[in-house]
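>>> Structure for the following, please:
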Amino acid sequence: MRMRTSKASRRSFLRVGCAGAAGLSLPLGLKSLLAVETEKRRADAVLFINLAGGPSHLETLDMKPAGPVDTKGSFDHLQTKIPGLIVSEYMPKYAARADRYALVRGISHSAGDHPQGQQYLATGNRPAPALQSPAIGSIVSREYSGDGEIPPFVAIPDCDWHAGYMGDAYAPFKTNATPRKGEPFKVRGITLPEGLTVTKVRRRNQLLRDLDGRFAESKNNRNLTGALKSLGEQAESMILSSRTRDAFDVSKELESIQSLFADNELGQGLLLATRLIGFGAPFVTITHKGWDTHLDNFTGHKKLVPAFDHGLDAAVSALQQKGLLERTLVVAMGEFGRTPKINKDRGRDHFPRNNFCVMTGAGIPGGQLIGGSDASGSGPDDKTHIKPDEIAATLLHAMGIDHHKEYYTNTGRPVILVPNGRILESVFR
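Numbers count the residues shown, from 1 in each chain. This next block holds a predicted model:
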C-alpha cells in the first residue's frame with residue numbers, strides 16, 4: 001500500500017532533500033512530515049468514546065420537551081451553563097461543565113444497521129462492497145507509528161473497526177478486557193505469564209525468525225505475510241518492554257487520578273485510556289456497549305446515561321490534570337440516534353437521521369453548539385448538513401492529516417481517505 005499527496009509544498013521537499021543528503025533519518029517518515037506540513041496539527045492524540053448501539057439523542061443531549069406527545073419520554077431535563085441548552089436529568093456533570101465542550105447536533109446519514117453505522121462512524125466513508133475503508137485509528141497508526149513499544153491504535157476492550165485496504169498491520173490492538181479496580185490488569189501479548197522470562201521470550205522469537213526465514217521468498221499472499229511479520233515485530237517489542245507493561249498498569253496511576261473514575265467497566269477503561277495517551281498512544285477508542293434500546297429505552301438509558309456522564313467528565317478532568325488535554329482531542333458519539341416515536345415495547349429504534357457528537361480538548365473553544373435538529377428531533381434543521389464524513393475529516397485535520405490524501409490499495413487503485421468530507425472549521429473557531 002502506497003501513499004501519494006498532491007499538497008506538498010516546495011519547502012517540504014527541500015527539507016526532506018536536505019535531511020537525506022545529510023544522512024539523517026526522519027522518525028515519522030516522509031508521509032508524516034508532509035502531512036504535518038500540509039495541515040496544522042492541533043492534537044497529538046485522540047480519545048474516542050464509542051457509544052455502541054446508538055444512544056437516544058432525546059434522552060441525552062438533544063431533548064425536545066415541547067415536542068409531540070407520542071415522542072416524549074419520561075426523563076426530566078436540566079438547564080446547562082449554556083443558554084438555551086438543556087440536557088438529560090442524568091447528566092448533571094455535563095450540565096455543570098457544558099462550557100468546556102463543543103456539541104455537534106443534527107448529524108444525519110442513512111446507514112441504519114449497526115455494522116454499516118459503525119463502519120461509517122469509524123471511517124467517515126459510507127460502507128461500500130467494493131472497498132473496505134480504514135478506520136480513523138488505522139490512518140493515525142499509519143501516519144504516526146510511534147516507537148513500537150506503545151501500540152498506536154488501541155481498542156478497549158475491543159471494537160469492530162478495522163484497517164481496510166491499509167492492511168492488518170494497522171489494525172487496532174485490542175485489550176479484550178478492562179481493568180478491575182484493585183486488581184492487576186493482564187493483557188494478552190504484553191503481560192508475561194508466570195515462569196516466562198524476557199530471556200526465554202528472546203530465545204523463542206529467535207527460533208521463530210529462523211523458521212520464518214524459510215518462507216521469506218514465498219509468493220503466496222505476500223500482503224498477509226508482511227502484516228504477520230509487522231505484527232510479530234510489534235508484539236516482540238511490546239512484550240520485552242517494561243515501558244509497555246507500565247503503560248497498561250493502571251495501579252501505578254496517582255490516587256488523585258484513580259479516584260476520578262467510577263468502579264465500572266467504562267470508568268476503569270477510561271482510566272486506562274488516559275494513561276495510555278500519557279505514554280504516547282496517538283489513538284485510543286473505548287467501546288461502551290448497551291445503547292441498542294429497542295425494549296424499554298428509558299430503563300436502559302437510566303443506567304447508561306449516568307455512567308457516560310461520569311466517565312466523560314472523569315476522562316476530561318484526568319487529561320486536564322495530567323496537562324494532556326490541550327493536545328488531546330476527546331470525542332464521544334455512537335453510530336446513530338433513536339426514533340422520536342416510542343414503539344409498543346417502550347423502546348426507540350435505529351434512527352440515523354439525527355445524531356450528536358461531543359468534542360473537547362485540542363484547543364477547541366468550549367461552550368459551542370454546532371448544527372441543530374428540528375422541533376421533534378426527527379432530523380437536522382434546515383441549516384444543518386453534517387454527516388459522519390465531516391466528523392472524520394475534522395478529526396484527521398486535528399491530527400494534522402489531510403483527509404484528501406491519496407493512497408493506493410495493493411491492487412494499484414488510488415483512494416482518497418475521506419473524499420466527501422469537509423472540515424468543520426467552526427469547531428476550532
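>>> If you count neighbours, what's buried in stretch 339-355?
Buried residues in stretch 339-355, counting neighbours by 16 or more other Cβ atoms under 10 Å, are found at 339-340, 342, 346-355. Backbone N, C-alpha and C define where each C-beta goes, glycine included.
>>> So which of the residues you listed is the closest to His77?
Closest approach to His77 among the buried residues of stretch 339-355 (Cβ to Cβ): Pro340, at 15.6 Å.
>>> So that closest one: helix, strand or coil?
With DSSP: H, G, I helix; E, B strand; the rest coil as the basis, Pro340 sits in coil.
>>> pretty sure it is touching Asp62, no?
No - contact criterion Cβ atoms under 8 Å: Pro340 and Asp62 do not qualify, at 10.2 Å.
>>> who touches both of those two?
Taking Cβ atoms under 8 Å, 6 or more residues apart in numbering as the criterion, Pro340 and Asp62 both touch Gly377.
>>> any idea how far the closest residue in space to Tyr165 that isn't next to it in sequence is from Met166?
Leaving out its chain neighbours, the residue that sits closest to Tyr165 by Cβ to Cβ, 6 or more residues apart in numbering is Thr409, at 4.3 Å. Separation of Thr409 from Met166 (Cβ to Cβ, to the nearest Å): 9 Å.
>>> Between the two, which has more neighbouring residues?
Per other Cβ atoms under 10 Å, whichever of Thr409 and Met166 has more neighbours is Met166, with 24 against 16.
>>> isn't the more buried one right next to Val415, touching?
No - with contacts counted by Cβ under 8 Å, Met166 stays clear of Val415, the gap being 9.8 Å.
>>> which neighbours do those two share?
With Cβ under 8 Å, 6+ apart, Met166 and Val415 have common neighbours Tyr407.
>>> Could I get the buried residue list for the host helix or strand of Thr299?
Using DSSP states H and E, Thr299 sits within helix 297-321. The neighbour-count check on helix 297-321 (16+ other Cβ under 10 Å) flags 297-298, 300-302, 304-319 as buried.
>>> show me where the stretch 251-400 of the chain has helices.
Secondary structure of the stretch 251-400 of the chain (DSSP state H, counting those that start in this stretch): helices located at 255-258, 265-278, 297-321, 388-398.
>>> ok so, going back, I'd like to know which of the buried residues of stretch 339-355 is nearest to Ser133.
For the buried residues of stretch 339-355, the nearest to Ser133 is Pro352 (17.6 Å; Cβ to Cβ).
>>> List the contacts of that closest one.
Contact analysis of Pro352 by Cβ under 8 Å, 6+ apart lists 108-112, 117, 335-337.
>>> For Gly300, give me the pLDDT.
Looking at Gly300, its pLDDT reads 98.
>>> So Gly182, which state does it fall into?
Counting by three-state DSSP, the backbone at Gly182 sits in coil.
>>> center of the chain, which residue is that?
Central residue of the chain (Cα atoms, centre = their mean): Phe48, 3.3 Å from the mean position.
>>> how many other residues sit next to the closest residue to that one other than its chain neighbours?
Nearest residue to Phe48 in three dimensions, chain neighbours excluded: Thr285, at 4.2 Å (Cβ to Cβ, 6+ apart). By other Cβ under 10 Å, the residues close to Thr285 number 23.
>>> what does the one 10 residues further on give?
Using other Cβ under 10 Å as the criterion, Leu295 is surrounded by 12 other residues.
>>> One more: Asp246?
Asp246 is flanked by 12 other residues according to other Cβ under 10 Å.
>>> Which of the three states applies to it?
Secondary structure state of Asp246, per three-state DSSP, is helix.
>>> Isn't it up against Leu276?
No - using Cβ under 8 Å, Asp246 makes no contact with Leu276, being 10.7 Å away.
>>> Restrict the contacts of Pro352 to the buried ones and give me that as a PyMOL selection.
This is the PyMOL syntax for the buried subset of the contacts of Pro352, where burial follows 16+ other Cβ under 10 Å:
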select buried, resi 108+109+111+117+335+336+337
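>>> List the ones among the contacts of Pro352 that fall in strands.
Among the contacts of Pro352, the ones falling in strands (DSSP state E) are Gly337.
>>> Need the contacts of Pro352 in JSON lines (columns: distance to Arg42).
Output for the contacts of Pro352, formatted as JSON lines (distance: Cβ to Cβ, whole Å):
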{"residue": "Ser108", "distance to Arg42": "26"}
{"residue": "His109", "distance to Arg42": "25"}
{"residue": "Ser110", "distance to Arg42": "31"}
{"residue": "Ala111", "distance to Arg42": "28"}
{"residue": "Gly112", "distance to Arg42": "33"}
{"residue": "Gly117", "distance to Arg42": "27"}
{"residue": "Glu335", "distance to Arg42": "25"}
{"residue": "Phe336", "distance to Arg42": "27"}
{"residue": "Gly337", "distance to Arg42": "28"}
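>>> Looking at the contacts of Pro352, spot the one nearest Tyr94.
Gly337 (17.0 Å).
>>> Let me see the contact set for Leu424.
With contact taken as Cβ under 8 Å, 6+ apart, Leu424 is in contact with 104, 370, 386, 390-391, 393-394.
>>> And it, how close does it get to Glu390?
Using Cβ to Cβ, Leu424 is found at 5 Å from Glu390.
>>> residue contacts, the residue nearest to Ala155 when sequence neighbours are not counted?
Spatial nearest neighbour of Ala155, chain neighbours left out: Pro172 (4.0 Å); criterion: Cβ to Cβ, 6+ apart. Contacts for Pro172 (Cβ under 8 Å, 6+ apart) come out as 135, 137-138, 153-155, 159, 161-162, 285.
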